[in-house]
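Chemist: Test case, fold it:
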Amino acid sequence: MPGRRWAAPVLLALSLPLLAPVSALTPPVAAATSSSGARAAEASPVPLEEINATTTQVAFGLRRPIAIAAPDDGTKRLFIAEKRGTVRVYHPDTGLGQTPIIDITASVDESGNERGLLGIALSPDFAESQDLYLAYTALPDGAVTLGRYRLDTGVLEPLLAQEHSENTNHNGGQITFGTDGNLYMSIGDGGGAGDPFDTGQRLDTLLGKILRVDVSRSCGNLAYCVPRDNPFVGVAGAREEIWMYGGRNPWRFSVDPANGSMWIGDVGQGRWEEINHLKTGRQAGANLGWSCYEGLEVFDQAQCRSDATYTKPVFTYSPHTFGCAVIGGQVYRGAEFAHLVGGTYIATDYCYSTVWALRENGSGGYSQAEIGQTPTQVTAFGATPEGELYVVNDLPGGLHRISFQHEKPTCRIAYKTQVWGGGMTVDLTITNTGTAPIDGWTLRFPLARGQSVISDWNTDLTQSGDMITAVNASHNGSIAPGRSVTMGYLAGHTGDASLPSRISLNRDACAVAR
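Modeler: Residues are numbered from 1 along each chain as shown. Below is the predicted model:
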């Protein structure tokens, strides 16, 4: 697209949809709280496809849990926010407390599926001050609000509010502190389909943004201060609280405690879910693209500017994976599983429950794999001060601890390909590397941008968007241990003839021989 620039040249082989079915900078923020064990965790050499993520439910009976916070005060507690406006305490020795430690239901507008209490963050000096911060949609009109809650007095003090009355969805509401002492908060684009108010690219509103404010003091008429090195301070017509813009509903983001980089899961319109990774020095003033872009694809040309620099997502997937909303997670910086997933970003999807693992590959890109499944309808990740990961799920309402194991894949894929002009053939050899026979198989993998399958052999193959689903033919459905079968396809391409970046067999990640 002439005249349009992307920032941060990092790409995955995941890419744009295939339409036809087939036969300006400031020092960046670092994370708030991390342990020495978390800082020590380095990226593991274990291939992602050899890692299996599992969850263990440790608490039951939560009512639509929406966020997790962990005080670094030696108590081992987890604070779990519930959509209705309550916060309950979990302790690994005594379980889930029945009486909420916080109840702001009288202030929370819970109408609509996406309104309610949205986020929780503990003040960096929480152990002494007992101050924490809550993001919620406030009565009477659903304004997205940041408030300070004093645990010792039970007083809620609203600090910042953004009008959000037209629609009940796309509220954002993730909040977290950086080690710079500032608080970061996401707000969605105002809801409705297609960014109806064009807020993503506007700087005169807090909708569709990630904010950065100093809540440790007040300035003038504000109950907070705007850091003077925020990117739009002094810019005519711009809200100075803005740290990044161009978000649709970036309602789950996190900061890597080891290096200060920010990972943002931005829920898509319907074609692409995306994850952005912004390293230090690239965060302030970053434009995430919405609603010019959805994922890597132009969504609304009228919102695109030739003088704008857009930040490319490092990972996209389409709802054709059966997903519906990306749930941005965290980089694992704990000690227990550092040998497997240290430095690896873990995320999931609200509907499909796939555990996505992303890791920088050392050459400007990212390794990626599906490494397991979470419980259904996960809404948020959280980490203990030591860096161990938990998730909460919406319905039926539980808290789950995440564990990781080293397991060799039970399948291996080898490619043989021929490429010419605008076409390519790909033959895949599928080998059962496990100890049990495979009786019926389904392969799933994404195609690169501009590839479209024309025909196939030894399989019943369909293409939906960028995703391929290949089911065994009648004669090759059984694969004994150590044995192989073959399948293949003929595809057209528009210049990118790269092979699938990940592939799963019956939802288990396969090792891929390049």
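Chemist: CA atoms for contacts and neighbours, from now on please.
Modeler: Will do.
Chemist: low-confidence ranges in the chain?
Modeler: Within the chain, the segments meeting pLDDT under 70 span 1-44.
Chemist: what residue is smack in the middle of it?
Modeler: Centroid-nearest residue in the chain: Gly328, 2.1 Å away (criterion: Cα atoms, centre = their mean).
Chemist: tell me the contacts of it?
Modeler: Residues near Gly328 by Cα atoms under 8 Å, 6 or more residues apart in numbering: 251-254, 263-266, 275, 346-348, 380-381.
Chemist: And for the closest residue to Ile479 other than its chain neighbours, the neighbour number?
Modeler: In space, and not counting its chain neighbours, Ile479 is closest to Ile438: 5.0 Å by Cα to Cα, 6 or more residues apart in numbering. Ile438 is flanked by 18 other residues according to other Cα atoms under 10 Å.
Chemist: Show the contacting residues for Ile438.
Modeler: Counted by Cα under 8 Å, 6+ apart, Ile438 has contacts Asn432, Gly477, Ser478, Ile479, Ala480, Pro481.
Chemist: Can you add secondary structure and give the residues you listed back as TSV?
Modeler: As requested, those are exported to TSV (DSSP: H, G, I helix; E, B strand; the rest coil):
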residue	secondary structure
Asn432	strand
Gly477	coil
Ser478	strand
Ile479	strand
Ala480	coil
Pro481	coil
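Chemist: Give me the neighbour count for the residue lying closest to Gly440 once chain neighbours are set aside.
Modeler: Nearest residue to Gly440, sequence neighbours excluded (Cα to Cα, 6+ apart): Gly477, at 4.5 Å. By the criterion of other Cα under 10 Å, Gly477 has 17 neighbours.
Chemist: Tell me where the protein has helices.
Modeler: Along the chain, counting by DSSP state H, helices occupy 36-40, 126-129, 338-341.
Chemist: just to revisit the earlier point, so in terms of bridging, what pairs with the closest residue in space to the residue nearest to the centre of the chain that isn't next to it in sequence?
Modeler: Excluding the flanking residues, the one nearest Gly328 by Cα to Cα, 6+ apart is Gly265, at 4.3 Å. Note on Gly265: beta-bridge partners by DSSP bridges are Arg252, Ile275.
Chemist: my guess is Gly265 contacts Ile275, does it?
Modeler: Yes: Gly265 is within contact range of Ile275, at 4.5 Å (criterion: Cα atoms under 8 Å).
Chemist: dump the residue contacts of Leu117.
Modeler: Contact partners of Leu117, counting by Cα under 8 Å, 6+ apart, are 66, 81-86, 108, 110, 134-137.
Chemist: nearest to Gly285, of the residues you listed?
Modeler: Closest approach to Gly285 among the contacts of Leu117 (Cα to Cα): Ala135, at 22.5 Å.
Chemist: what number of residues lie near the closest one?
Modeler: Neighbours of Ala135 under the rule other Cα under 10 Å: 29.
Chemist: That one and Thr459: what is the separation?
Modeler: Separation of Ala135 from Thr459 (Cα to Cα, to the nearest Å): 50 Å.
Chemist: Chain neighbours aside, what residue packs nearest to Leu175?
Modeler: If you look again at residue 175, you'll see it is Ile, not Leu. Leaving aside its sequence neighbours, Ile175 sits nearest to Met185 (Cα to Cα, 6+ apart; 4.4 Å).
Chemist: What distance do you get for the one you found to Asp349?
Modeler: Using Cα to Cα, Met185 is found at 21 Å from Asp349.
Chemist: same thing with Pro319?
Modeler: 10 Å.
Chemist: the more surrounded of the two?
Modeler: A count of neighbours by other Cα under 10 Å puts Asp349 above the other of Pro319 and Asp349, at 28 against 22.
Chemist: tell me the contacts of the nearest residue to that one once chain neighbours are set aside?
Modeler: Nearest in space to Asp349, with sequence neighbours left out and distances taken as Cα to Cα, 6+ apart, is Val326 at 4.5 Å. Residues in contact with Val326, defined by Cα under 8 Å, 6+ apart, are Gly265, Asp266, Val267, Glu273, Glu274, Ala347, Thr348, Asp349, Tyr350.
Chemist: ranking those residues by neighbours, who comes first?
Modeler: Comparing the contacts of Val326 by number of neighbours (other Cα under 10 Å), Asp266 comes first, having 30 neighbours.
Chemist: so how far is Pro71 from that one?
Modeler: Counting by Cα to Cα, the gap from Asp266 to Pro71 is 27 Å.
Chemist: for Pro227, same thing?
Modeler: Pro227 is 25 Å from Pro71, where distance means Cα to Cα.
Chemist: For these two, indicate the residue with more neighbours.
Modeler: The neighbour count for Pro227 versus Pro71, taken as other Cα under 10 Å, is higher for Pro71 (22 against 14).
Chemist: That one against Ile120, yeah?
Modeler: No: using Cα under 8 Å, Pro71 makes no contact with Ile120, being 11.2 Å away.
Chemist: Show me the strands in the stretch 401-514 of the chain, by range?
Modeler: Secondary structure of the stretch 401-514 of the chain (DSSP state E, counting those that start in this stretch): strands located at 411-420, 423-432, 438-439, 442-446, 452-457, 459-464, 467-472, 478-479, 484-492, 504-505, 508-509, 511-513.
Chemist: Nearest to Leu96, out of the ones you listed?
Modeler: Short answer: strand 508-509, nearest of the strands of the stretch 401-514 of the chain by Cα to Cα, at 33.1 Å.
Chemist: So for stretch 68-78, first residue to last residue, what's the gap.
Modeler: Distance across stretch 68-78, first residue to last, is 7 Å (Cα to Cα).
Chemist: what's it in contact with?
Modeler: The contact list for stretch 68-78 (Cα under 8 Å, 6+ apart) reads 33, 79-81, 89-92, 119-122, 126-127, 380-385, 391-392.
Chemist: same check, this time on stretch 276-290
Modeler: Residues from elsewhere that reach stretch 276-290 (Cα under 8 Å, 6+ apart): 24-29, 200-201, 230-232, 242-248, 259-266, 299, 309-315.
Chemist: Make a ChimeraX selection of whichever of those residues turn out to be buried.
Modeler: In ChimeraX, this line selects whichever of those come out buried by 16 or more other Cα atoms under 10 Å:
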select :28,29,200,201,230,231,232,242,243,244,245,246,247,248,260,261,262,263,264,265,266,299,309,310,311,312,313,314,315
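Chemist: Would you mark the buried spots in stretch 483-495?
Modeler: The neighbour-count check on stretch 483-495 (16+ other Cα under 10 Å) flags Ser484, Val485, Thr486, Met487, Gly488, Tyr489, Leu490, Ala491, Gly492, His493 as buried.
Chemist: list the contacts for the second one?
Modeler: Val485 makes contact with Thr429, Ile430, Thr431, Asn476, Ile479 under the criterion Cα under 8 Å, 6+ apart.
Chemist: What of the third one?
Modeler: The contact partners of Thr486, by Cα under 8 Å, 6+ apart, come to Asp427, Leu428, Thr429, Ile430, Asn458.
Chemist: dump the residue contacts of Gln98.
Modeler: Arg88.
Chemist: roughly how far apart are the closest residue to Asn249 other than its chain neighbours and Glu163?
Modeler: Leaving aside its chain neighbours, Asn249 sits nearest to Gly188 (4.2 Å; criterion: Cα to Cα, 6+ apart). Here Gly188 is placed at a distance of 11 Å from Glu163 (Cα to Cα).
Chemist: That concludes my questions; thank you for your assistance.
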